[in-house]
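> could you work out the structure for the sequence below:
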Amino acid sequence: MIFHFARLMYFSDKPDCSAPSFIVWAVLFIIARLVTVTLIILTVGFRLGKATNQEMNTEMGNFNILPIRISVLTGVCLLEAWMLWNFLTFQLRRYRENQAFTAKKKIVPKMKDKKAKKEAKTVAVEQPPQQQQDDENSANEASPKAANGGVRTRSKQQKKK
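A predicted model of the protein is given here:
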């Protein structure tokens, strides 16, 4: 239910509600998997193991024998482990992608010459921000690649020449 609420908030563009909801859901998902494994071990492993009638009787519906108890325990534990494994790998992949995305934003190209660094700093300080954007746009127009990145495409100005 929390997961569905978090998705509804996410798709309705309300990240202030969806982000904490996803975190709560992730924590509760892990807790639910651990509680399920604990309960199945307590009930099937210990409680049914102490039952007085441990014979297989299909007419009465009694399947409380050791091999069936072990197979039920194994099946449930493997299912819970599989769900937890998929959940954790998904969360780790998402975390790594977000880390790589934020790391790409922070990378600044390094300049080899100290003079070039100083010149770039002085030019950036001397020019107002609007003029810097105009300079960047004119540099992009002069490049052989167009806005879509194709090498052989030309802008309208180059076609007229």
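> only C-alpha atoms for contact and neighbour calcs from this point on.
Fine.
> I'd like to know which elements the lengthiest helix in the chain is packed against.
The longest helix of the chain (DSSP state H) is helix 66-106. Under the contact definition 3 or more CA pairs under 8 Å, 6 or more residues apart in numbering; DSSP states H and E, helix 66-106 sits against helix 15-40.
> average pLDDT across the helix it packs on?
In this model, helix 15-40 has an average pLDDT of 95.
> can you give me the buried ones in it?
Buried positions in helix 15-40, judged by neighbour count with 16 or more other CA atoms under 10 Å: Ser18, Ser21, Phe22, Trp25, Ala26, Phe29, Ile30, Arg33, Val37, Ile40.
> now do the longest helix of the chain against helix 15-40, angle only.
For helix 66-106 against helix 15-40, the angle by axes from the mean of the first three to the mean of the last three CA atoms, to 10 degrees is 160 degrees.
> number the chain from 38, please
Sure thing, new numbering starts at 38, so read that last one as helix 103-143.
> just the mean pLDDT for helix 103-143, thanks.
Helix 103-143 comes out at a mean pLDDT of 92.
> same list (the buried residues of helix 52-77) but as JSON lines, adding distance to Leu45.
JSON lines is the format used below for these (distance: CA to CA, whole Å):
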{"residue": "Ser55", "distance to Leu45": "8"}
{"residue": "Ser58", "distance to Leu45": "10"}
{"residue": "Phe59", "distance to Leu45": "11"}
{"residue": "Trp62", "distance to Leu45": "13"}
{"residue": "Ala63", "distance to Leu45": "16"}
{"residue": "Phe66", "distance to Leu45": "18"}
{"residue": "Ile67", "distance to Leu45": "21"}
{"residue": "Arg70", "distance to Leu45": "24"}
{"residue": "Val74", "distance to Leu45": "30"}
{"residue": "Ile77", "distance to Leu45": "33"}
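> pick the one among the residues you listed closest to Arg130.
Ala63 (14.4 Å; CA to CA).
> measure the closest one to Ile102 for me?
In this structure, Ala63 and Ile102 are 36 Å apart, going by CA to CA, to the nearest Å.
> how about Thr75?
With CA to CA as the criterion, Thr75 and Ile102 are 20 Å apart.
> then Gln136?
Going from Gln136 to Ile102 by CA to CA gives 51 Å.
> in stretch 85-100, what's buried?
Going by neighbour count (16+ other CA under 10 Å), the buried part of stretch 85-100 is Leu85, Gly86.
> my bad, should have said stretch 97-114
Across stretch 97-114, burial judged by 16+ other CA under 10 Å covers Asn101, Arg106, Val109, Leu110, Cys114.
> show me the contacts for the third one.
When the contact criterion is CA atoms under 8 Å, 6 or more residues apart in numbering, the partners of Val109 are Val81.
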